[in-house]
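take this sequence and fold it.
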Amino acid sequence: MCKDMGKETKIFIFDCDALKDEALFENALSSVPKWRREKVNAARQASDKRLSLGAGVLIERAFGGYDTSAVRFGENGKPFFEHCTQNFSISHSGSIAVLARTELEVGVDVEKITPYNAKIAARFFTPEENRLIDEWKTDEEKAEMFFRLWTLKESFIKLTGRGLSLPLKDFNISFDGDVPKIAQSFSKKEYFLFESELLQGYRLALCTDGKTDVKIRQTTI
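Okay, the predicted model is just below:
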């Protein structure tokens, strides 16, 4: 059984561009379990292979000493370990992979900020969320708010484990000052949101079903 870390959430971050080094890539690939190697090998693009392997590296680091070959997947692909009090969530975008580990229910999302697309916002966001975006004047400001909302919403969806069966328009993200809040009918639980700019050009969001202290760690190999 993996060690209980208490109601603390650790977010591990890894820049997968380090895996452009072929020797480091092969060494890392040999260190992850078979199920993760299969995911890496199934990816078509070299960048996707690095991201998938980077996620595997983070699992090994976050659960060091635990049998990481014992990972299982829920109905919609949410990963978990049997006989473990710790939950985890992984995400990757651009060149960055992240993993959140905690005893709470958890979802984490990271996204590289790209140009704002009003059609995507209109399709997936609530009218209230779209108004938050429209309050900003420049496309750069609109893109920043779009990805704040997107990562916060994705972190909640990943926590629920329902995937795309829970439409993004079915719940709403707002802000009390600069503190993100969620209004949803999925559960009577109270959910807590955390966000960070992480690295320049990226947004990160975390959702848990209880209050938690968040600690962020940069990971290297």
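
so who does the residue of the chain most remote from its centre touch?
Within the chain, the residue lying farthest from the chain centre (C-alpha atoms, centre = their mean) is residue 137, at 28.4 Å. Contacts for residue 137 (C-beta atoms under 8 Å, 6 or more residues apart in numbering) come out as none. C-beta here means a position set from N, CA and C on the backbone, and glycine is covered the same way.

part of a strand, is it?
No - using DSSP: H, G, I helix; E, B strand; the rest coil, the assignment for residue 137 is coil, not a strand.

now do it, the pLDDT please.
pLDDT, residue 137: 94.

ok, now residue 4?
At residue 4, the pLDDT recorded in the model is 51.

check the one 5 residues further on too.
According to the prediction, residue 9 has pLDDT 96.

about what we covered before: where's the residue farthest from the centre of the chain relative to residue 116, distance?
Remark: distance between residue 137 and residue 116 (C-beta to C-beta, to the nearest Å) = 12 Å.

same deal with residue 145?
Counting by C-beta to C-beta - residue 145 and residue 116 are separated by 9 Å.

same thing with residue 155?
20 Å.

pick out whichever of those two has more residues nearby.
Using other C-beta atoms under 10 Å, the more surrounded residue of residue 155 and residue 116 is residue 155, with 28 against 19.

so what's the residue lying closest to residue 117 once chain neighbours are set aside up against?
Spatially, and ignoring its direct neighbours in sequence, residue 117 is nearest to residue 146 (7.8 Å; C-beta to C-beta, 6 or more residues apart in numbering). For residue 146, the contacting residues are 116, 117, 120, 121, 133, by C-beta under 8 Å, 6+ apart.
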